[in-house]
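Peer 1: The following comprises the amino acid sequence and a computationally predicted model.
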Amino acid sequence: MSEQTTLRLALCLFNDVTALDYQGPIELFGLLTPKWLSLFGDAPPKYSISIEYLADSREPIEPDSGPHMLAARTFSDVKPDEQFDIILVPGGPAPAVEGVPNSLLEFLRKQAPGAKHVLSVCTGSWILANAGLLKGKRATTNKYSFREVEAATKDKGIEWVAKARWVVDDNDKLWTSSGVTAGADMASAFLDFLVGKEQATIIRGIVELSAKAQDDDEFAEYWGLV
C-alpha cells in the first residue's frame, strides 16, 4: 500500500454565506476524510483530507438560507506557523461579500501564498479579489453577479472569464467556479486532478453527481455575458 498524505483544508465561513456554495464541494471532499476511506477498499487514494471550519468568531453563522453553523475555530486561532494545504472560500450576496470580517481577509493574505490550492465558489472569488489575491490572474464568478463583481474589481488587474463553469489558473493552484451549484462541478474536476479519475468517479457515483464540463456554462448566455 502506498503512503498516504493528509491535506488540511480550511473552509472560510461568514454570515450570509450561501450554504450550497461550500456544502456541494464538502460533500465530495468529505468522502476523502479518514472515516470514509474504507469505501475505496484495498486501493485508498493517495490523499486524504482533514476539513476545518473557520469563522471570525464561535458565534452561530447564519447563512442566506438553511440552518445555522458553528465554526470549530476562529481565524485568529490559527497559529503563525500553521499552514493549510487547501483553502475553500464560498460566496454570498453582495452585501455579505463586501462586508466579510477583516479577519477573513487577513487569514487569506497570510495563508494563500503557502497553500497548495485555493478554491472559491460563486462570489467567493470576489472575496479573493478583495484580499488582493487575484491580480494578474484569470477567474470566474457567479454569472448573475458577474457585471457587479467585474465593476467592483475593475482596478485589481483581474481577467474575469464570462463563459466558464470553472477556471483554473496559477499552475493549477487557483480554482474559481461560477454560481452556487458550479462549486460541485469544480470540486469534481479538482478531485480528478488530486486523486485521479478512477477514484474521483467512485466519489461521484456515491453522491450521484452528473458533473458539467468546464466550458458547459449556459448561464453566461442566459445573463447576456456572451
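Peer 2: Arrived safely, thanks for sending.

Peer 1: contacts for stretch 187-207?
Peer 2: 24-25, 27-29, 31-32, 39-40, 43, 45-47, 117, 119, 166, 168, 172, 175, 209, 211, 214 (C-beta atoms under 8 Å, 6 or more residues apart in numbering). For every residue, glycine as well, the C-beta is placed using N, CA and C.

Peer 1: which element follows the longest helix belonging to the chain toward the C-terminus?
Peer 2: Longest helix in the chain, counting residues (DSSP state H): helix 182-195. Of the helices and strands lying after helix 182-195 in sequence (DSSP states H and E), the nearest is helix 197-207.

Peer 1: Residues contacting the helix or strand that that following helix is followed by, please?
Peer 2: Of the helices and strands lying after helix 197-207 in sequence (DSSP H and E), the nearest is helix 218-222. Contact with helix 218-222 is made by 143-144, 146, 162-164, 178-179, 226, as judged by C-beta under 8 Å, 6+ apart.

Peer 1: Measure how far helix 218-222 is from the centre of its chain, please.
Peer 2: Helix 218-222 has its C-alpha centroid displaced from the chain centroid by 21 Å (C-alpha atoms, centre = their mean, to the nearest Å).

Peer 1: what about that helix, average pLDDT?
Peer 2: Regarding helix 218-222, the rounded mean pLDDT is 98.

Peer 1: List the residues that contact the closest residue to L174 other than its chain neighbours.
Peer 2: Nearest non-adjacent residue to L174, counting by C-beta to C-beta, 6 or more residues apart in numbering: V118, 5.5 Å away. Each residue near V118 by C-beta under 8 Å, 6+ apart is listed here: 86-87, 89, 112, 128, 133, 173-175.

Peer 1: at 10 Å instead, please
Peer 2: 10, 84, 86-89, 108, 111-112, 124-125, 128, 131, 133-134, 170, 173-176 (C-beta atoms under 10 Å, 6 or more residues apart in numbering).

Peer 1: how far does the strand or helix carrying it sit from the chain's center?
Peer 2: According to DSSP H and E, V118 maps onto strand 117-120. Taking C-alpha atoms, centre = their mean, the mean C-alpha location of strand 117-120 is offset from the chain mean by 5 Å.

Peer 1: Quickly run through the sheet partners of that strand, with directions.
Peer 2: Here strand 117-120 is paired, per DSSP bridges, with strand 86-89 (parallel), strand 174-177 (parallel).

Peer 1: counting contacts, what elements does the helix or strand that comes right after the first one pack onto?
Peer 2: Read it as strand 86-89. Moving toward the C-terminus from strand 86-89, the next helix or strand (DSSP H and E) is helix 94-98. Judged by 3 or more C-beta pairs under 10 Å, 6 or more residues apart in numbering; DSSP states H and E, the packing partners of helix 94-98 are helix 124-130, helix 146-152.

Peer 1: buried stuff in helix 94-98?
Peer 2: 94, 96-97 (16 or more other C-beta atoms under 10 Å).

Peer 1: any idea how far stretch 132-140 is from the chain center?
Peer 2: 14 Å.

Peer 1: ranking the helices and strands packed on helix 94-98 by burial, who's on top?
Peer 2: Sort those by mean neighbour count, taking mean count of other C-beta atoms under 10 Å, and helix 124-130 sits at the top with a mean of 26.
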